[in-house]
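> would you be able to build a 3D model of this:
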Amino acid sequence: MNIRFKLLLFLFLSAGLSLSLYGQEKTPPPMPPQATEFYTPVPPKITPGAENNLPPSDAIVLFDGSSLNSFVSARDGSSPAEWIIENGELVVTPGKGDIQSKMAFGDAQYHIEWSAPTEIKGEGQGRGNSGFFLMGLYEVQILDSYESKTYTNGQAGSIYKQFPPLVNPLRAPGEWNYYDIIFKAPRFDKNGVLTSPATVTVLINGVLVQNHVILRGPTEYIGIPNYKAHAEALPIKLQDHSNPVRFRNIWVRPL
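Presented below is the predicted three-dimensional model:
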C-alpha cells in the first residue's frame, strides 16, 4: 500500500468518523416557556390623563393655565417671566425675551401644545415663530408653516437647521397643535468628550415627524453644530421670536 493511498484512506475514514459523530449529536431538550419569563421589577402603576393629551399622574406640570410659577426669564435665569396669561393660555409677549423652566431636565418625555396667531403677519420664519428648546440648547421648531413656505429644516416640527419633519401634519392658525417629544440627553466623559449624542423623537398631533434622530449638536442659526460639554440636566426654554404664539398644557415626565 503506497503512501498516497494510505493518505486518501486516512482522510476518508476521518471524514466518515466526523460525520458519524455529527450524526450522534443530540438535539437539546426543548426550552420551557418559563425560562424566558421574569416577574421583577414590576412597572410602577400610574393613572393616565382623562384625555390622551392631559398629564398622567407621574408628570411634572409646568403650565396648566393658572400661573407662570414654573418659569423665569431666560435672560438671567431668576427674574419673573414676563409673558402674559389670557384665558388660561400662555402668550408670548414680544420684546420680553425667552422664558425657561425653573427645574432642570435631562432624559424626558415632554408634552406641549401651541397655537399660531390667527392674524397672519409675515411669511417664512417671520410668521408664528417660536421654539421649544430641550435643555435650552436643542430646538424643536414652532412655526406657522401650515401653508407658509420656508426652508424645510426650519419649518414646524424640524430639529432646527438639522432635520426637517417627515411630514407636515399642522393644523391651521388658531387651532391647537400637540407636540409629544422623547428626548435622550447627550453624555460626556470626565474630560468633556462626547460619549453619546442626544436623540429626539417627535410627534405632532399624533403623527411621527422625527424618528429617533441623532442630534449633531446644539441648535445654531449660523454655522455647524458642535457639542460642548454641559450639565446632565438643564432647564427647557420657550422662545420669544416677536410673534404672539400661544401655549397650554405643558408637562414633563423625567425618564
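> distance of E89 relative to F38?
Using C-beta to C-beta, to the nearest Å, E89 is found at 46 Å from F38. All C-beta spots, glycine's among them, are computed from the backbone N, C-alpha and C.
> just want to know which of those two has more residues nearby.
When E89 and F38 are compared for neighbours, E89 comes out ahead with 17 against 6, by other C-beta atoms under 10 Å.
> give me phi/psi at the residue nearest to the more buried one when sequence neighbours are not counted?
The shortest distance from E89 to any residue other than its chain neighbours is 4.6 Å, reached at R246 (C-beta to C-beta, 6 or more residues apart in numbering). Main-chain dihedrals, R246, degrees, to the nearest 10: phi -110, psi 150.
> R246 against T93, yeah?
No: counting by C-beta atoms under 8 Å, T93 is not a contact partner of R246; they are 11.3 Å apart.
> comparing these two, which residue is more hemmed in?
For R246 versus T93, neighbours defined as other C-beta under 10 Å are more numerous around R246 (21 against 15).
> all helices for this structure, in order.
With DSSP state H as the criterion, the chain has helices at 3-24.
> can you count the residues close to V213?
By the criterion of other C-beta under 10 Å, V213 has 17 neighbours.
> now it: how far from P164?
As for V213, its distance to P164 is 10 Å (criterion: C-beta to C-beta).
> T118 now?
Distance of T118 to P164, computed by C-beta to C-beta: 26 Å.
> in the protein, which helix or strand is least confident?
helix 3-24 (a mean of 50; mean pLDDT, DSSP states H and E).
> tell me how many other residues crowd N87.
By the criterion of other C-beta under 10 Å, N87 has 8 neighbours.
> ugh, typo on my part, it should be N53
Residues contacting N53 under the criterion other C-beta under 10 Å number 16.
> what does G95 give?
As a burial measure, G95 scores 8 neighbours (other C-beta under 10 Å).
> please list all residues in contact with it.
D240, S242 (C-beta atoms under 8 Å, 6 or more residues apart in numbering).
> over to G157?
Residues in contact with G157 (C-beta under 8 Å, 6+ apart) are V140, Q141, P165, N168, P169, L170, Y179, V202, I204, V209, Q210.
> mind checking how far the closest residue to it other than its chain neighbours is from L62?
Closest residue to G157 apart from its sequence neighbours, by C-beta to C-beta, 6+ apart: P165 at 3.5 Å. Applying C-beta to C-beta, the value for P165 to L62 is 24 Å.
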